[in-house]
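In: kindly return the folded structure for what I paste below:
(2 chains)
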Amino acid sequence: MSKDDIKEDRLDGWIYSKIVEDHFFNPRNVLLDDQKEGDFDAIGVIGSPACGDVMKVYLKIRDDIIMDFKWKTFGCASAIASTSVLSEMVVGKSIEEAYKIGARQIIEVLGGLPPKKIHCSIMGDRALRLAIDDYKERNRS
Amino acid sequence: MIYLDHASTTPVEKKVLDQMLPYFSEKFHNPSSLYAGALEARRAIEKSRKKIADFLNCSPDEIIFTSGGTESNNLAILGITQNLKFKGKPHIVTSAIEHPSVLNPCRELEKKGFEVSYVLPNSQGIVEATAISKLLKKSTVLVSLMYANNEVGTIQPVAQVGKIIKKFNKKNNCQIVFHTDACQAASYLDMNEKKLGVDLLTINGSKVYGPKGVGALFVKRGIDISPIIFGGGQEEGLRSGTLNTPLIVGLGAAIELINPKKTQKERLLRDLLIDGLLEISASRLNGSRLSRLANNVNISFDAVEGESAVLYLDRAGIACSTGSACSSKSLEPSHVLLSMGLSEERAHCSLRFTLGRKTTKMEICKTISEVKKTVEKLRKISAL
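Out: Predicted coordinates for the structure are as follows:
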């Protein structure tokens, strides 16, 4: 973690960046009510309720390209916002490209996170990698 | 904004502010000086001291002014244990649900060789008097038990513990000192120090519609306590520093306005809020419903993380708080909820609403409907 990861204080005093705020209040690509796990090609889950963060990532993959990314997150604003922003970052990417996305990239796109919230964003990319691992496992011939 | 975080701090009452204002620029003199202006400041301070003494049913010379609840608690705990004539390992009994300004001085003393027992509450958030009684021994020098808890509002059996300690002291020829942090209780409960049987009692301005940055410690006559701040020797040498006349006047004025009989409205609204929120599925009240401050509601909603809920409610114009780790400095969930035996998950999912004098029925109804919406939204995106 470098100093660049830490967002500058907002003048209105809110602890999160405008981008975090937007994704938190208007989350993108949340798993819809009528969608089932079976509709997806891969699933990744990380975190624990006791720690206060659980992220679930659902992928649809065609020819090793991520076509759809849906998610559900139990956690604080930065956990919700980082899964939401990640969902916009990976669609259209190959699984190899997506696998390389790290916490730093997520934090950058979010416009920074308060230092003690960095771990929340680290979880999103790990959930994604677990989902890709799950896909590879399922398609091993 | 609908403000439901009065346990965090209360607004200063207009009547209180009006009494404080002349002491900033007009009657600014140092109350320790000798000329007429200073005398006026001195009189205002003594008048305030008398108001607080009347409130606690004690004598004015038993009131020490401090900078707030944290300093009063530090003075009580560190001041009593500083110059002990006691030989061996001195023992302190406190509860696991105390405010950090009690717990952390105790932890400091542990580092210096004290033995400290942190008594767990029962699942209802109440520390049982018998649990404290069992721990008393000849090496016990201090018991510190809060009067009402700041997170779940549960009322602790202070008067009962006071009696137990008196009896123990008499029987064993000991001098265990009994302290209570009454910051949350002051507006709602009987504050007669004689009925409580305490030797030391903490109150502050910030929770009773007075100013922040001022508090008092009741020190029963005859209790041997040492200062923790050294300087010009104000407050009988127990608390050096130029007396802060406007804040002290504000504390006295705020205390004078307290009337526990007028809290019935808050109690009824609290019950309305509890019942309304418990209608939401998978919701549970944290802490005893019966032995609870008239203004406290603490509820967990399964699968809804507290910080997220607080921020959604803030956007809906409602100010409340949570015991979730995400909103704490330590990234640990509420020590109070955990010590009651609640799971970490349930602690992360807790919301606290604390009502105040001006809370209205309309505000409570709006809060219930906004919490319902928030819980619904966050459960929709929740992975649990």
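
In: quote the end-to-end distance of stretch B:7-19.
Out: From its first residue to its last, stretch B:7-19 covers 24 Å (C-alpha to C-alpha, to the nearest Å).

In: what comes up buried for it?
Out: B:A7, B:T10, B:V12, B:E13, B:V16, B:L17, B:Q19 (16 or more other C-beta atoms under 10 Å in any protein chain shown). Bear in mind the C-beta positions are built from the backbone N, C-alpha and C, glycine included.

In: restricted to helices, list those residues.
Out: B:V16, B:L17, B:Q19 (DSSP state H).

In: go ahead and confirm the second one touches B:G250.
Out: Right, B:L17. Yes - here B:L17 reaches B:G250: they are 7.4 Å apart, a contact under C-beta atoms under 8 Å.

In: so which bits of chain A are right by chain B?
Out: When proximity is defined as C-beta under 8 Å from any C-beta of the partner chain, chain A approaches chain B at A:24-25, A:27, A:30, A:33, A:45, A:47, A:49-56, A:71-77, A:79-80, A:116-117.

In: next up, the contacts around B:L189.
Out: B:L189 makes contact with B:Y147, B:A148, B:I155, B:A182, B:P260, B:L293 under the criterion C-beta atoms under 8 Å, 6 or more residues apart in numbering or on different chains.

In: distance of the most centrally placed residue in chain B from B:V102?
Out: Centre of chain B computed as the mean C-alpha position; nearest residue by C-alpha atoms, centre = their mean is B:C183, 3.1 Å away. Distance check for B:C183 against B:V102: by C-beta to C-beta, to the nearest Å, it reads 10 Å.

In: tell me, what's touching those two both at once?
Out: With C-beta under 8 Å, 6+ apart, B:C183 and B:V102 have no common neighbours.

In: where do the strands sit along the chain?
Out: No chain was given, so I picked chain A. A:42-48, A:53-62, A:65-74 (DSSP state E).

In: the intended chain is chain B.
Out: Counting by DSSP E, the strands of chain B are B:2-3, B:63-66, B:91-95, B:115-119, B:140-144, B:177-181, B:200-204, B:215-219, B:283-285, B:296-301, B:318-319, B:321-322, B:350-354.

In: what packs against the first one?
Out: Under the contact criterion of 3 or more C-beta pairs under 8 Å, 6 or more residues apart in numbering or on different chains; DSSP states H and E, strand B:2-3 touches strand B:318-319, helix B:361-381.

In: in chain A, where is pLDDT below threshold?
Out: A:1-13, A:120-121, A:141 (pLDDT under 70).

In: OK, contacts around the residue nearest the centre of it?
Out: Taking C-alpha atoms, centre = their mean, the centroid of chain A lies closest to A:T83, which sits 2.7 Å from it. If a contact means C-beta under 8 Å, 6+ apart, then A:T83 has A:P27, A:M55, A:V57, A:W71, A:T73, A:G124, A:A127 as its contacts.

In: mind naming the longest helix for chain A?
Out: helix A:118-138.

In: okay, now the unreliable bits of chain B?
Out: For chain B, the stretches flagged by pLDDT under 70 are B:326-330.

In: re earlier: show me how to select, in ChimeraX, the buried members of the contacts of B:L189.
Out: Buried residues among the contacts of B:L189 (16+ other C-beta under 10 Å), as a ChimeraX selection:
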select /B:147,148,155,182,293
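
In: now distance to A:Y99 too, for the contacts of B:L189, in JSON lines please.
Out: Formatted as JSON lines, the contacts of B:L189 follow (distance: C-beta to C-beta, whole Å):
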{"residue": "B:Y147", "distance to A:Y99": "57"}
{"residue": "B:A148", "distance to A:Y99": "53"}
{"residue": "B:I155", "distance to A:Y99": "56"}
{"residue": "B:A182", "distance to A:Y99": "58"}
{"residue": "B:P260", "distance to A:Y99": "63"}
{"residue": "B:L293", "distance to A:Y99": "53"}
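
In: from the contacts of B:L189, pick the one nearest B:L75.
Out: Using C-beta to C-beta, B:A182 comes nearest to B:L75 of the contacts of B:L189, at 14.5 Å.

In: tell me who's in contact with B:T70.
Out: B:S101, B:G215.

In: I'd like the distance between it and B:E235.
Out: Distance from B:T70 to B:E235, by C-beta to C-beta: 17 Å.

In: what do you get for B:L103?
Out: For B:L103 relative to B:E235 (C-beta to C-beta), the value is 25 Å.

In: again with B:N30
Out: Taking C-beta to C-beta, one finds B:N30 at 14 Å from B:E235.

In: so for the two, which sits in the more crowded spot?
Out: Of the pair B:N30 and B:E235, B:E235 is the one with more neighbours under other C-beta atoms under 10 Å in any protein chain shown, namely 20 against 15.

In: once you drop chain neighbours, what's closest to that one?
Out: Using C-beta to C-beta, 6 or more residues apart in numbering or on different chains and skipping residues adjacent in sequence, the residue nearest B:E235 is B:I64, 5.0 Å away.

In: circling back to that earlier point, could you dump the strands of chain A into a markdown table with mean neighbour count added?
Out: Shown next, in a markdown table, are the strands of chain A (neighbours: other C-beta atoms under 10 Å in any protein chain shown):
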| stretch | mean neighbour count |
| --- | --- |
| strand A:42-48 | 18 |
| strand A:53-62 | 22 |
| strand A:65-74 | 22 |
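
In: take those and lay them out in a markdown table including distance to B:P211.
Out: Formatted as a markdown table, the strands of chain A follow (distance: least, C-beta to C-beta, whole Å):
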| stretch | distance to B:P211 |
| --- | --- |
| strand A:42-48 | 43 |
| strand A:53-62 | 39 |
| strand A:65-74 | 40 |
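
In: for chain A, give me its nearest residue in the stretch 151-300 of chain B.
Out: B:S300 (11.9 Å; C-beta to the nearest C-beta).

In: surely that residue meets B:L351?
Out: Yes - using C-beta under 8 Å, B:S300 is in contact with B:L351, at 7.5 Å.

In: still on that earlier bit, buried deepest among the strands of chain B, which one?
Out: Greatest average neighbour count among the strands of chain B goes to strand B:200-204 (a mean of 30), per mean count of other C-beta atoms under 10 Å in any protein chain shown.

In: what sits against B:E235?
Out: Listed by C-beta under 8 Å, 6+ apart, the contact partners of B:E235 are B:I64, B:F65, B:L243.

In: quick one: which of the helices and strands packed on strand B:2-3 is nearest B:Q264?
Out: helix B:361-381 (13.4 Å).

In: please see if the closest one touches chain A.
Out: Yes - against chain A, helix B:361-381 shows contacts by C-beta under 8 Å from any C-beta at B:K380, B:I381.

In: which elements pack onto that helix?
Out: With 3+ C-beta pairs under 8 Å, 6+ apart as the test, helix B:361-381 has strand B:2-3, helix B:264-278, helix B:306-315, strand B:318-319 packed against it.

In: which of those sits most buried?
Out: helix B:306-315 (a mean of 22).

In: and that helix, what other elements does it pack with?
Out: Helices and strands touching helix B:306-315, by 3+ C-beta pairs under 8 Å, 6+ apart, are helix A:18-25, helix A:77-90, strand B:321-322, strand B:350-354, helix B:361-381.

In: can you give me the angle that helix makes with strand B:350-354?
Out: 40 degrees (axes from the mean of the first three to the mean of the last three C-alpha atoms, to 10 degrees).

In: what residue spans form the domains of chain B?
Out: Using automatic domain parsing, the domain parsing of chain B gives B:14-257, B:261-381.

In: contact partners of stretch B:75-92?
Out: B:64, B:66, B:102, B:105-106, B:108-109, B:113-117, B:137, B:139-144, B:177, B:179, B:200, B:202, B:217, B:223-228, B:238-239.

In: neighbours around residue 134, how many?
Out: Just going to use chain A. Residues contacting A:D134 under the criterion other C-beta under 10 Å number 18.

In: meant chain B actually
Out: 13.

In: could you do B:L84 as well?
Out: B:L84 has 14 nearby residues by other C-beta under 10 Å.

In: and what of B:G252?
Out: Using other C-beta under 10 Å, the number of residues around B:G252 comes to 31.

In: good, wrapping up.
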